[in-house]
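Q: I need the structure of the sequence given here:
(one chain, ligands or ions: 2)
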Amino acid sequence: MPRDILQTLKSEHDDLRKLFKDMEGTTDRARKTRGEILKDIEAGLIPHAKWEELVFYPAFKQRADREGLKTHAEAVQEHRAVELTVLPDLKGKPTDSVEFAGSAKVLGEFVDHHAGEEEKTMFKMARKLFSAEELAEFDEQYETWKTTPEAAREMTKALKQPSPAPVGQ
Ligand SMILES: [Fe+2]
Ligand SMILES: [Fe+2]
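A: Numbering: from 1, shown residues only. Ligands and ions are numbered 1, 2, ... in the order given. So this is what the prediction gives:
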């Protein structure tokens, strides 16, 4: 089968969905397991989101019609909400707390919703906007990008992001 960026991104969404399911199954005592799952979530989520923001979304935007532009704007806004609020809030909570469990659930719901919109709307549009060759090329670029210093920098930056005071505290 030829390479296809949309398949790759979709399968990464599925990996993330599985990790959130695993998280959902942990108890408040599972401090270590929760910490490990959170690390896996970040390792899956951050390169995926950054590459979408840096490469895929701008390429999509260039070819999109008005509906496409709206879909693009929605996706960008959802990324911002996760990066600036939902994920930092989760990371600001002790892994052995019920608050952590609640925040992890919210992040999982956000990611699932966002991934679903991409799959049902944006990727469908992208399949019409890009040729199979272009989608294969993106797939190769993405794999290479993950090993670059830029990707490593984005990861470090995201992991270091300070957590703002959670709402209501
Ligand atoms: Fe996304
Ligand atoms: Fe995505």
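Q: Would you mark the buried spots in the worst-scoring helix or strand of the chain on mean pLDDT?
A: The helix or strand of the chain with the lowest confidence, counting by mean pLDDT, DSSP states H and E, is helix 149-160 at a mean of 89. Buried residues in helix 149-160, counting neighbours by 16 or more other Cβ atoms under 10 Å, are found at Ala151, Glu154, Met155, Ala158. Every residue, glycine included, has its C-beta placed from N, CA and C.
Q: what does stretch 10-25 give?
A: Applying 16+ other Cβ under 10 Å to stretch 10-25 flags Glu12, His13, Leu16, Leu19, Phe20, Met23 as buried.
Q: Can you pick out the ones from those residues that are in strands?
A: Judged by DSSP state E, strands contain none of these.
Q: out of the residues you listed, who's nearest ligand 2?
A: Nearest to ligand 2 among the buried residues of stretch 10-25: His13, at 5.7 Å, using Cβ to the ion.
Q: can you give me the end-to-end distance of stretch 89-100?
A: The straight-line separation of the ends of stretch 89-100 (Cα to Cα, to the nearest Å) is 9 Å.
Q: Rounded mean pLDDT for it, please.
A: In this model, stretch 89-100 carries a mean pLDDT of 96.
Q: Can you classify Arg2 as helix, strand or coil?
A: Residue 2: Pro, not Arg. The three-state assignment at Pro2 reads coil, by DSSP: H, G, I helix; E, B strand; the rest coil.
Q: what's the average pLDDT for stretch 75-83?
A: Per-residue scores along stretch 75-83 average to 97.
Q: tell me the contacts of the residue nearest to the spatial centre of the chain?
A: The centre of the chain sits closest to Leu45, judged by Cα atoms, centre = their mean, with a distance of 3.9 Å. Applying Cβ atoms under 8 Å, 6 or more residues apart in numbering, we find Leu45 in contact with Leu16, Val82, Leu87, Val111.
Q: mind redoing it with 7 Å?
A: Counting by Cβ atoms under 7 Å, 6 or more residues apart in numbering, Leu45 makes contact with Leu16.
Q: quick one: it from ligand 2, how far?
A: 9 Å (Cβ to the ion, to the nearest Å).
Q: which residues of this structure fall in helices?
A: For the chain, the helices defined by DSSP state H cover 5-24, 31-51, 57-63, 66-81, 87-91, 98-117, 123-129, 132-145, 149-160.
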